[in-house]
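1. one predicted model, sequence on top.
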Amino acid sequence: MNFRINRAALLAAVTVVATGNPSVAMGARDTAHVHRSAATAPIPAAELRAKLNTLLQEHAYLAAGATNAALGGRQAEFQAAAGALDANSVDLSKAIGMVYGPGAETAFLALWRKHIGFFVDYATGVATKDKTKQEKAVNDLVGYTGDFGAFLASANPNLPKAAVADLVKTHVLTLKDVVDAQAMGDQKKAYTALRSAAGHMMMIADPLAMAIAKQFPDRFAN
Amino acid sequence: MRTPLALTALVFAAIADVSSGTATHHVVNTRDASIAIRTFQFSPDTLRVKSGTRVVWTNADEIEHTITSGVPAEPELRFGGVVDTRGATYAATLEKPGTYAYFCDRHRFMHGTVIVTR
């Protein structure tokens, strides 16, 4: 039976899967440790889940930091945030590469960076009040969700393309809410939206982790 | 800027050193060389074949890819086609020895090379 992604299933999964593992605190920089372990013993599936949640939530917070700095015209801060955001992208791609190999790692990184570029385009359009640029960026982001869904569906038959694309679309829209609030200078709204955007990343990380664990039961235990 | 696919398809048809080049659902025979397109990668990314071998690209991704000869900055228009969804194939028989780079025009980070020898 194919694993189906829906909110009810996700809520059930979140209820069932424990997060008390000490490795929850494991950061993205511990990829080498995980890779080494993969050759010898199964990794707890909860560890994979925690790792993906950490990386994807970090992605949301760093992206918002970058757009806030860009919209505020704080160039040095923007460059630092963009650098950290890209380091997060590299870590995320390494996590994918750990499972699917170096070719997939490279492809994932290129694909992932594309959507960040589209977000930069959107933020630039908002900052310059360029509606055409904003609309193009939104269209590019919506188109990107199909690409991303196709990538994961190709890598893992337990991840239906349309379901992944829908989840990534929500990621795009929730982060767009953050950028719009930042542009209006409404910090309360921006941070509320950012909590929603970061919280939504679990909707991607959890099914991704579960689908990988299901695909490779010999590599990810429980 | 992306190359208009319909236009390039017409140009490809006129290229003399490619004896066939169509995007459809081919039957792969034992004298073909195969390249899979999976998780946005051409596999193998470098393929060596004898002159006259038919090379068949098969899309295993649930999204449209292209096989466009050249590199993104400089498409060569020697061969090319569109594989619009999972299971779609494109085939080209490369007659002239040489090194043929190609890429996907929709996802320009996807690259491959076919090396044709005598």
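-> Structure received. Numbers count the residues shown, from 1 in each chain, chains lettered A, B, ... in the order given.

2. now the helices for the chain?
-> All of this is about chain A. Applying DSSP state H to chain A gives helices spanning A:7-16, A:31-38, A:45-71, A:75-100, A:102-127, A:131-155, A:161-184, A:187-215.

3. hmm, no, I was thinking of chain B.
-> Using DSSP H, helices in chain B cover B:5-13.

4. ok, which residues in chain A are in contact with chain B?
-> Proximity of chain A to chain B (Cβ under 8 Å from any Cβ of the partner chain) is limited to residues A:100, A:103-104, A:106-107, A:110-111, A:146-147, A:149-151, A:153-155, A:161. For glycine as for every other residue, the C-beta is placed from the backbone atoms N, C-alpha and C.

5. give me that answer again for 6 Å
-> Residues of chain A found near chain B (Cβ under 6 Å from any Cβ of the partner chain) are A:103-104, A:107, A:110, A:150-151, A:153-155, A:161.

6. ok, back up a step: need the winner for burial among the helices of chain A.
-> helix A:45-71 (a mean of 22; mean count of other Cβ atoms under 10 Å in any protein chain shown).

7. hang on, the earlier thing: now the helices of chain A in a markdown table, with mean pLDDT?
-> Converted to a markdown table, the helices of chain A look like this (pLDDT from 0 to 100):
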| stretch | mean pLDDT |
| --- | --- |
| helix A:7-16 | 32 |
| helix A:31-38 | 43 |
| helix A:45-71 | 96 |
| helix A:75-100 | 97 |
| helix A:102-127 | 95 |
| helix A:131-155 | 96 |
| helix A:161-184 | 96 |
| helix A:187-215 | 97 |
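
8. quick one on the thing from earlier: how about the residues of chain A next to chain B, which pair is most distant?
-> For the residues of chain A next to chain B, the maximum inter-member distance is 19.6 Å, found between A:G103 and A:K161 (Cβ to Cβ).

9. residues of chain B that sit close to chain A?
-> Close to chain A, as judged by Cβ under 6 Å from any Cβ, chain B has residues B:38-41, B:61-63, B:109.

10. which ones among these map onto strands?
-> Residues of the residues of chain B next to chain A located in strands (DSSP state E): B:38, B:41.

11. turn the residues of chain B next to chain A into a markdown table, columns for neighbour count and distance to A:Q215.
-> Shown next, in a markdown table, are those (neighbours: other Cβ atoms under 10 Å in any protein chain shown; distance: Cβ to Cβ, whole Å):
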| residue | neighbour count | distance to A:Q215 |
| --- | --- | --- |
| B:R38 | 18 | 14 |
| B:T39 | 23 | 13 |
| B:F40 | 26 | 18 |
| B:Q41 | 26 | 18 |
| B:D61 | 25 | 17 |
| B:E62 | 18 | 16 |
| B:I63 | 23 | 20 |
| B:F109 | 16 | 24 |
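
12. tell me the centre residue of chain B?
-> Centroid-nearest residue in chain B: B:I67, 3.9 Å away (criterion: Cα atoms, centre = their mean).

13. looking at it now. What's its pLDDT?
-> In this model, B:I67 is scored at 98, pLDDT.

14. over to A:A221?
-> At A:A221, pLDDT is 87.
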